[in-house]
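Trainee: give me coordinates for this.
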Amino acid sequence: DGSLAAVKESLMDLGNNSGHDIVVDPVHESIGVITESDILLAKECEATIFAFGLQKIDQATRNFAEAEGVTLISNDVIYSLLDEAKEIYTTYLPQVAEEVLHGSAVIKAVFEIDGANGKESIAGMQVQDGMIYKETSGDESKERCYFRILRNGERISPEGESVTASSLRHFKD
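Mentor: Numbers count the residues shown, from 1 in each chain. Here you go, the predicted model:
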């Protein structure tokens with residue numbers, strides 16, 4: 001069927017032209033209704049089923065796909081199907097860390113101590129605005145907080161090095 005080939009090519013082009021090395025590897029293609037064996041194959045391959053031009057996917061098929069953990073994407077408009085495919089493809093991309101400024105502080109004094117890992121620097125800081133968080137270990141639900149150290153507006157902490165606070169103490173002026 002001509003539309004099957006066109007949809008397949010369009011879906012593959014989305015991955016190939018994404019700039020992110022997404023390889024779209026169709027495991028099965030056919031025309032007609034979506035069957036239980038299609039859903040089981042998609043489950044086995046951890047694949048999404050894309051359907052184009054189906055009048056309607058019956059509720060029993062949708063329920064079976066949901067129970068098996070298989071995503072069904074169906075649309076009668078090719079551009080809408082491709083937009084939905086883009087959303088699915090983005091779930092396969094690596095997460096990009098988002099930088100959020102939580103607060104800023106001024107270093108008032110630096111103290112050198114002998115720690116478990118040799119010499120360690122301790123910074124006495126005064127928070128200027130926002131909030132400063134310490135490193136949380138083991139709790140993945142909390143965001144990690146890294147510090148960037150600037151002197152006269154220029155970064156002096158090594159690029160790519162994660163500077164964290166192992167403890168925070170609050171002192172009144």
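Trainee: okay, buried residues for stretch 75-83 please.
Mentor: 75, 81-82 (16 or more other C-beta atoms under 10 Å). All C-beta atoms are positioned from the backbone trio N, CA, C, and that covers glycine.
Trainee: distance between it and the chain's centre?
Mentor: Chain-centre distance of stretch 75-83: 24 Å, with C-alpha atoms, centre = their mean, to the nearest Å.
Trainee: where do the strands sit along this protein?
Mentor: Using DSSP state E, the strands of the chain run over 49-52, 72-75, 103-115, 118-130, 150-151, 154-155.
Trainee: burial of residue 98, as a residue count?
Mentor: 6 (other C-beta atoms under 10 Å).
Trainee: returning to that earlier point: ranking the strands of the chain by burial, who's on top?
Mentor: strand 49-52 (a mean of 20; mean count of other C-beta atoms under 10 Å).
Trainee: state the mean pLDDT of that strand.
Mentor: In this model, strand 49-52 has an average pLDDT of 92.
Trainee: what strands line up against that strand, and which way round?
Mentor: In the sheet, strand 49-52 lines up against strand 72-75 (parallel) (DSSP bridges).
Trainee: for the most centrally placed residue in the chain, give me the pLDDT.
Mentor: Among the residues of the chain, the one closest to the centroid is residue 95, at 3.2 Å (C-alpha atoms, centre = their mean). Looking at residue 95, its pLDDT reads 72.
Trainee: from residue 109, how far off is it?
Mentor: 37 Å (C-beta to C-beta, to the nearest Å).
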